[in-house]
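1. Okay, predicted coordinates and the sequence, questions at the end:
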Amino acid sequence: EAGVVQSPRYKIIEKKQPVAFWCNPISGHNTLYWYLQNLGQGPELLIRYENEEAVDDSQLPKDRFSAERLKGVDSTLKIQPAELGDSAVYLCASSREAGTDTQYFGPGTRLTVL
Amino acid sequence: KQEVTQIPAALSVPEGENLVLNCSFTDSAIYNLQWFRQDPGKGLTSLLLIQSSQREQTSGRLNASLDKSSGRSTLYIAASQPGDSATYLCAVSKVYGGSQGNLIFGKGTKLSVKP
């Protein structure tokens, strides 16, 4: 069974540029999560999807961040415009159901904003 | 607000030693607690998941315990090996409202096992 796939693995951009990250969850997993991980910290949730519905986006900075999960499968997270403080690792995870199931993480995208 | 604390932040042990990693959380209303491993530059790998009704889970040389009433969990690693070197993260799953199921992570314990 393939794991969670993310691309790109690394991205370097200049501030004020847009950037997008893509995630393909494990087949059959209804719940998809985007996390942000700063150096030396644990991941912090940005948004959670149940199928194609964003059921918790309370931690997503909506002035510059957006996300979508069309057709309830893969998902895209976008930042526009990027700021220096957005440099971090962006992790995608999926699970069969929210709450009681193990979350499986992708390798992450390391973003550097210059 | 749920807070998760992991102690120690870093640990260095000689190969073969048994060790314990600690995790504490402030709100006992959780669905479950998970232990993850993270290698440098990689994503997280789930090690053990303990449901709120359970006391412990075992997988190979790993044993995780959960004491919900006191807000504590431990991860016991037996006969440590250099390949166990990684950062170990503890996370609890929230219960309330629309955030149920969301994980709250600690900062992790960086483990180094010396040959």
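-> That came through fine. Numbering: from 1, shown residues only, chains lettered A, B, ... in the order given.

2. Is B:Leu33 in contact with B:Leu47, as I believe?
-> No: in this structure, B:Leu33 is not within contact of B:Leu47 by C-beta atoms under 8 Å, at 11.3 Å. Just so you know, the C-beta spots here come from the backbone N, C-alpha and C atoms, and that holds for glycine as well.

3. who touches both of those two?
-> Taking C-beta atoms under 8 Å, 6 or more residues apart in numbering or on different chains as the contact rule, B:Leu33 and B:Leu47 both touch B:Ala64.

4. More neighbours: which of these two?
-> B:Leu33 (26 against 20; other C-beta atoms under 10 Å in any protein chain shown).

5. Next, that one: secondary structure please.
-> strand (DSSP: H, G, I helix; E, B strand; the rest coil).

6. what about it, distance to A:Ala98?
-> Separation of B:Leu33 from A:Ala98 (C-beta to C-beta, to the nearest Å): 16 Å.

7. can you check A:Phe65 too?
-> Taken as C-beta to C-beta, the span from A:Phe65 to A:Ala98 is 21 Å.

8. ok, whatever helix or strand B:Thr58 lives in near chain A or not?
-> Secondary structure from DSSP states H and E places B:Thr58 in strand B:56-59. No: against chain A, strand B:56-59 shows no contacts by C-beta under 8 Å from any C-beta of the partner chain, the least distance being 11.2 Å.

9. Strands of the chain, start to end?
-> In the absence of a named chain, this looks at chain A. Under the criterion DSSP state E, chain A contains strands at A:5-7, A:10-13, A:19-24, A:31-37, A:44-50, A:53-56, A:65-68, A:75-79, A:88-95, A:104-105, A:109-113.

10. actually chain B
-> Under the criterion DSSP E, chain B contains strands at B:4-7, B:10-14, B:19-25, B:30-38, B:44-51, B:56-59, B:62-67, B:72-77, B:86-94, B:103-105, B:109-114.

11. Which strands and helices lie in contact with the second one?
-> Same thing as strand B:10-14. strand B:19-25, strand B:109-114 (3 or more C-beta pairs under 8 Å, 6 or more residues apart in numbering or on different chains; DSSP states H and E).

12. among those, which is nearest chain A?
-> strand B:109-114 (9.1 Å; C-beta to the nearest C-beta).

13. List the strands paired with the strand holding B:Thr58, with their directions.
-> Here strand B:56-59 is paired, per DSSP bridges, with strand B:62-67 (antiparallel).

14. just how off-centre is the strand it pairs with within its chain?
-> 8 Å (C-alpha atoms, centre = their mean, to the nearest Å).

15. Could you list the buried residues of it?
-> B:62-66 (16 or more other C-beta atoms under 10 Å in any protein chain shown).

16. which one of these is nearest B:Ser80?
-> Closest approach between the buried residues of strand B:62-67 and B:Ser80, by C-beta to C-beta: B:Leu62, at 10.7 Å.

17. Indicate the residue of chain A located nearest to chain B.
-> Closest to chain B within chain A is A:Gly42: 2.8 Å, counting by C-beta to the nearest C-beta.

18. hang on, the earlier thing: which one's more surrounded, A:Phe65 and A:Ala98?
-> In this view A:Phe65 and A:Ala98 are compared by other C-beta under 10 Å, and A:Ala98 has more residues nearby, 23 against 19.
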